[in-house]
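*Asks:* Following is a predicted model, sequence given first.
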Amino acid sequence: MDADEERVFAQNNFERLVAEIPVRLSEREDRFSNKIKRSKITPLKQLESLYSFMRELYAFASKYTPCKKGCSDCCYYPVTVSEVEIAHIEAHTKNKRNKQLSPNRGLHGTPCPFLKDGGCSIYEARPYVCRRHVVLTKTNEWCKPELSNSETFPLLKFSSIDDAFDHIRRESKSFENHDIRQVFGNEA
């Protein structure tokens, strides 16, 4: 399938997903950011609440994507993490951050340190950017690192989820992002 055909497929797929999303999920997504902003829990607990809701929302979206267990091309992309996400990974896995950040040199094409045997070894604790990466093309061919930046396709995006995540980062003072390889590197 060529890029134009994939783009049309992805756009149609996106429109089907939007039309078929259950009303209760759509309404919860619309209200989610305000719920997080009003909550009195810590930013780490807010992040856990966000991830829990994202599991439900993206479980619905999974039938519209070629992304399946064992597909790991996106694990070779840059993966940004903020301080609150690093703390979440440390709290939910046995992995601890490096004492010093590794250099950030051309990390696209370098496997994530948590990619083990073709799968994510911290899947339940994976960062926000990984959770929201859902492609809508017919195949995952365009996800290959060598092709991933050559074309642009419609991607799934939820504005209230993004707004909630931005709020959590502000509340936790997680203003700086690093690539996961810099933070966890070879020690993962």
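*Replies:* Noted; the coordinates are in hand.

*Asks:* what does stretch 97-105 rub up against?
*Replies:* Ile86, Glu90, His178, Asp179, Arg181, Gln182, Val183, Phe184, Gly185, Glu187 (C-beta atoms under 8 Å, 6 or more residues apart in numbering). Using the backbone N, CA and C atoms, a C-beta is placed for each residue, glycine as well.

*Asks:* now these: which count as buried?
*Replies:* Buried members of the contacts of stretch 97-105, counted by 16 or more other C-beta atoms under 10 Å: Ile86, His178, Asp179, Arg181, Gln182, Val183, Phe184, Gly185.

*Asks:* So which of those residues belong to helices?
*Replies:* Secondary structure assignment (DSSP state H) places Ile86, Arg181, Gln182, Val183, Phe184 from those within helices.

*Asks:* now, which of those sits nearest Leu50?
*Replies:* Ile86 (15.6 Å; C-beta to C-beta).

*Asks:* quick one, what contacts that closest one?
*Replies:* Residues in contact with Ile86 (C-beta under 8 Å, 6+ apart) are Arg97, Val183.

*Asks:* Wait, Pro111 touches Cys75, no?
*Replies:* Yes - between Pro111 and Cys75 there is a contact under C-beta atoms under 8 Å: 5.9 Å.
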